[in-house]
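> fold the following.
(one chain, ligands or ions: 3)
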Amino acid sequence: MNEISVHNVEQELHVPLNEPERQYYYMDRAKEYLEKMSEAAGRPLTFCVTTFGCQMNARDSEKLTGILERIGYVEEPDEEKADFVIYNTCTVRENANQRVYGRLGQLGRIKKKNPHMMIALCGCMMQEPEVVEKLNKSYRFVDLIFGTHNIYKFAELLAVRMETGRTVTDIWKDTDRIVEDLPSERKYPFKSGVNIMFGCNNFCSYCIVPYVRGRERSRDPEAIIREIERLVADGVVEVMLLGQNVNSYGKTLEHPMSFAELLRKIERIDGLERIRFMTSHPKDLSDELIQVMAGSKKICRHLHLPVQSGSTRILEKMNRRYTKEGYLALVERIRQAMPDISLTTDIIVGFPGETEEDFLETMDVVRKVRYDSAFTFIYSKRTGTPAAAMADQIPEEVVRDRFNRLLHEVQEISAERCAIHEGTVQTVLAEAVNDHDSRLITGRMGNNLLVHFPGDASMIGKFYPVYLRECKGFYYLGEIVSGE
Ligand code: SAH
Ligand code: SF4
Ligand code: F3S
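Numbering: from 1, shown residues only. Ligands and ions are numbered 1, 2, ... in the order given. Okay, here's the model as predicted:
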C-alpha cells in the first residue's frame, strides 16, 4: 500500500491509529485549515461533488459530501463557481472516461482564474494506472487523486494537501477493510442507498469493475441494521441495498448469512416502509430469495436482473455462468411467485464474436420476458479484461444497427408494460417537485415507475394513494384519491 506520510514526527504522535477516529482527527485539522483559507478569501469556501457512474458511486459521493460539510465547506451546485471540485469517476465504458477528460479540461481553465480553487479526482477511473499516469503528465493542475479502496481516507488526504500545498496521489491496489461510522450527507431526506457489500468476484469477461473495485466483501449484518435504524430514526422510509451482486451477500462473512436472511432482518425494522436492492446476478438468485420477496410487505415488487445477452454461446464467452434457458426458467419462477413484479435488465450489444443469430436470441429473450425497462449498452472494450483480447470485435456499423433494433423493441414493450397499470390506484412515495411544472409532485411506485400528480413540496417523503389517470409511455399522470 502506498500511504503518504508527510507530517513531521512530533505531529504524528498525536494522530490516532484506529479508524474512524483517525479520520475525525483529520477532519478537525482540515477544518482549522479551511477556516484560515476562508478568512483569507473573506468568504465561506464552497464545494461541488460530481458523480459519474452507478449508485455505488452516488453513495460514495454522499460520504465525501458528509466529510466536506463536517470540515466546513458549503455546497455549491454550480461546479464553475465552486472552490473545491470533486469528480467521482466511472470507467465501466470508454465514453464515461471521455466525459471526465472533456470536463476536466474546462475545469483547468476555470482554475486559472480562481486562486482558491482545488480539484480532486477519485473513483473507479483512478484505479487504472494509465489514467493516473495521464493525469500526472497532462493535467498537472489536479490537486488530489485517490481511488476506490481508500475513499474513507478522504479527510486525511485533504488535510495533507491543504497543509503541504503539494499534489497528493494515493491509490491502493485492493483492500479488505471496511471502515464504519464515517459521516455521510444524504441527497434525499426520505430515502437512502445502503452498501451491503463492496467489490465483485465474478469477472464477467467484458467488465472492469472487479479490477477497479477489488474483491467481494460483505458488511457485517449488525453494521447494516444499525445504519438503517439510524436512517429510519432520521426520517428515511426507503432504502436501496447496494452491491454489484447482492445475491452473493454474506458468503465471505465469518458467520455466513444469505441475502434472503439479511432481508428478513431488515424487514423487521419498524418505520422502514420500502426495501429495494440492486444488482441481482441471475446465477445466484435463490428460491429462498423469491420466497422472501413474495412474502414481504416492504420489499418492492421490482427486480433488476441483467441478462446481458440472450445467446447461451455469448453468455459463456461473457463468463456469466447461466444459459438462455436457465435465465428464462428463473424469470418464470419469479413471475409465478409474484405475477405483478416489474422486471428490468441490462443488455450489451456487439460483444466480440456476436453473430446476427446471437443477436436474434437476445431479441427473443426481450420478447419473451417483456421487460418493464431495459438499459441497452454498446459493448465497450476495456483494457485488461479478457474480452478486450478476443478476436472478432464487431464493426461499429453492425453494432449500431443491432443496437437501434434492440432499442426500438425494448421501448415498444416497456410502453405497453407501463400502460397496464392505467386506471388503478397505487401507493406512491412523493419524491420531488416536478422539474417542469411546480404545481406537480413526482412520485415513485413500488415497481419503480414514476407518476406526476398535483401537490406541493410539503408532501415530499410521504406516501399517497394515487389514481393513475394516463400513461405517457414510461411515466403516468395521476391524482391523489381522497378519503381513502
Ligand atoms: N454488477 C452489475 C453490473 C454493473 S455494471 C451486474 O452484474 O449486473 C452495469 C452494466 O454495465 C452491466 O450490467 C453491463 O450491462 C454494462 N457493462 C459493463 N461492462 C461493459 C462494457 N465493457 N461494455 C458495455 N457495457 C458494459
Ligand atoms: Fe461486472 Fe459481472 Fe461483477 Fe457485474 S457481476 S460488476 S457485470 S463482473
Ligand atoms: Fe462505474 Fe465504478 Fe460503478 S466503474 S458503474 S462507478 S462500480
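> can you pull the contacts of whichever residue of the stretch 301-450 of the chain sits closest to ligand 3?
Closest approach between the stretch 301-450 of the chain and ligand 3, counting by CB to the nearest ligand atom: residue 382, at 9.3 Å. Heads up, the C-betas are built off the backbone N, CA and C, glycines and all. For residue 382, the contact set (CB atoms under 8 Å, 6 or more residues apart in numbering) comprises 91, 92, 93, 94, 206, 207, 208, 388.
> whichever of those residues end up buried, select them in ChimeraX.
Buried residues among the contacts of residue 382 (16 or more other CB atoms under 10 Å), as a ChimeraX selection:
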select :91,92,93,206,207,208
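> keep the contacts of residue 382, but drop any that are not near ligand 2.
residue 207 (CB under 6 Å from any ligand atom).
> which of the contacts of residue 382 lies closest to ligand 3?
residue 92 (3.9 Å).
> where's the closest one relative to residue 208, distance?
Separation of residue 92 from residue 208 (CB to CB, to the nearest Å) stands at 6 Å.
> please enumerate the shared neighbours of these two.
124, 382.
> surely residue 296 is in a strand?
No: assessed with DSSP: H, G, I helix; E, B strand; the rest coil, residue 296 is coil; it does not lie in a strand.
> ok, now which ones touch it?
Applying CB under 8 Å, 6+ apart, the residues contacting residue 296 are 263, 267, 275.
> now, of the residues you listed, which are buried?
The buried subset of these - by 16+ other CB under 10 Å - is 263, 275.
> make CSV from the contacts of residue 296 and add pLDDT to it.
Below are these laid out as CSV (pLDDT from 0 to 100):
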residue, pLDDT
263, 98
267, 98
275, 98
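> just put the contacts of residue 296 in TSV and tack on distance to residue 213 and secondary structure.
Below are the contacts of residue 296 laid out as TSV (distance: CB to CB, whole Å; DSSP: H, G, I helix; E, B strand; the rest coil):
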residue	distance to residue 213	secondary structure
263	23	helix
267	28	helix
275	23	strand
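> closest to ligand 3 out of the contacts of residue 296?
Distances from ligand 3 to the contacts of residue 296, taken by CB to the nearest ligand atom, are shortest for residue 275, at 21.3 Å.
> quick one: that closest one and ligand 1, what's the gap?
19 Å (CB to the nearest ligand atom, to the nearest Å).
> swap in residue 33?
Noted for residue 33: a distance of 38 Å to ligand 1, by CB to the nearest ligand atom.
> so which strand or helix has residue 442?
Residue 442 is located in strand 440-445, with elements delineated by DSSP states H and E.
> distance from the chain centre to that strand, please.
Strand 440-445 sits 21 Å away from the centroid of its parent chain (CA atoms, centre = their mean, to the nearest Å).
> average pLDDT across that strand?
For strand 440-445, mean pLDDT is 97.
> with distance to ligand 3 added, can I get the contacts of residue 296 in TSV?
Below are those laid out as TSV (distance: CB to the nearest ligand atom, whole Å):
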residue	distance to ligand 3
263	22
267	27
275	21
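> would you list the contacts of residue 296 in CSV and tack on distance to residue 238?
Converted to CSV, those look like this (distance: CB to CB, whole Å):
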residue, distance to residue 238
263, 14
267, 13
275, 8
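> what about the residue of the chain found nearest ligand 3, neighbour count?
Nearest residue of the chain to ligand 3 (CB to the nearest ligand atom) works out as residue 53 at 2.7 Å. Neighbourhood size, residue 53 [other CB atoms under 10 Å]: 20.
> what sits against the residue most central in space within the chain?
Nearest to the mean C-alpha position of the chain, by CA atoms, centre = their mean, lies residue 55 at 1.1 Å. Residue 55 makes contact with 193, 240, 242, 278, according to CB under 8 Å, 6+ apart.
> can you tell me which of these are in strands?
193, 240, 242, 278 (DSSP state E).
> the first one and residue 60 touch, don't they?
No: under the criterion of CB atoms under 8 Å, residue 193 makes no contact with residue 60, lying 9.5 Å away.
> could I get the full set of helices for the stretch 51-200 of the chain?
Secondary structure of the stretch 51-200 of the chain (DSSP state H, counting those that start in this stretch): helices at 55-71, 94-111, 129-138, 154-164.
> turn the ones you listed into JSON lines, including mean pLDDT.
Below are those laid out as JSON lines (pLDDT from 0 to 100):
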{"stretch": "helix 55-71", "mean pLDDT": "96"}
{"stretch": "helix 94-111", "mean pLDDT": "93"}
{"stretch": "helix 129-138", "mean pLDDT": "95"}
{"stretch": "helix 154-164", "mean pLDDT": "96"}
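> can you put the ones you listed in JSON lines and add distance to ligand 1?
Conversion of the helices of the stretch 51-200 of the chain to JSON lines gives the following (distance: least, CB to the nearest ligand atom, whole Å):
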{"stretch": "helix 55-71", "distance to ligand 1": "9"}
{"stretch": "helix 94-111", "distance to ligand 1": "8"}
{"stretch": "helix 129-138", "distance to ligand 1": "16"}
{"stretch": "helix 154-164", "distance to ligand 1": "24"}
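> present the ones you listed as TSV; the columns should include distance to residue 440.
Below are these laid out as TSV (distance: least, CB to CB, whole Å):
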stretch	distance to residue 440
helix 55-71	25
helix 94-111	31
helix 129-138	42
helix 154-164	38
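> out of these, nearest to residue 327?
Closest approach to residue 327 among the helices of the stretch 51-200 of the chain (CB to CB): helix 55-71, 23.0 Å.
> in the closest one, what counts as buried?
In helix 55-71, the ones that count as buried by 16+ other CB under 10 Å are 56-68, 70-71.
> what about residue 388, which SS state?
Residue 388 - assigned by three-state DSSP - is helix.
> any idea how far stretch 326-344 is from the middle of the chain?
24 Å.
> what does it contact?
In contact with stretch 326-344 (CB under 8 Å, 6+ apart) are residues 282, 285, 287, 290-291, 293-294, 301-305, 307, 310, 322, 365, 368-375, 417, 447-449.
> now that stretch: mean pLDDT?
97.
> buried residues in it, which are they?
So for stretch 326-344, counting by 16+ other CB under 10 Å, buried means 327, 328, 330, 331, 334, 338, 341, 342, 343, 344.
> equivalent analysis for stretch 231-250, please.
231-232, 236-250.
> ranges for the strands of the stretch 351-484 of the chain?
With strands called from DSSP state E, counting those that start in this stretch, the stretch 351-484 of the chain shows them at 373-378, 425-433, 440-445, 450-454, 463-471, 475-480.
> winner for burial among those strands?
Most buried of the strands of the stretch 351-484 of the chain, by mean neighbour count (mean count of other CB atoms under 10 Å): strand 440-445, with a mean of 23.
> parallel or antiparallel, list what pairs with that one.
strand 425-433 (antiparallel), strand 450-454 (antiparallel) (DSSP bridges).
> quick one, the first one and strand 463-471 angle?
Our comparison of strand 425-433 with strand 463-471, counting by axes from the mean of the first three to the mean of the last three CA atoms, to 10 degrees, yields an angle of 100 degrees.
> residues in contact with residue 362?
Contacts of residue 362 (CB under 8 Å, 6+ apart): 307, 309, 310, 311, 347, 349, 406.
> circling back to that earlier point, ok, and the closest non-adjacent residue to the residue of the chain closest to ligand 3?
Excluding the flanking residues, the one nearest residue 53 by CB to CB, 6 or more residues apart in numbering is residue 90, at 2.6 Å.
> now do the contacts for residue 136.
By CB under 8 Å, 6+ apart, the residues touching residue 136 are residue 169.
> what does this protein have sitting close to ligand 1?
92-93, 206-207, 209, 244-245, 279, 281, 306, 308, 346, 348, 377, 379-380, 382.
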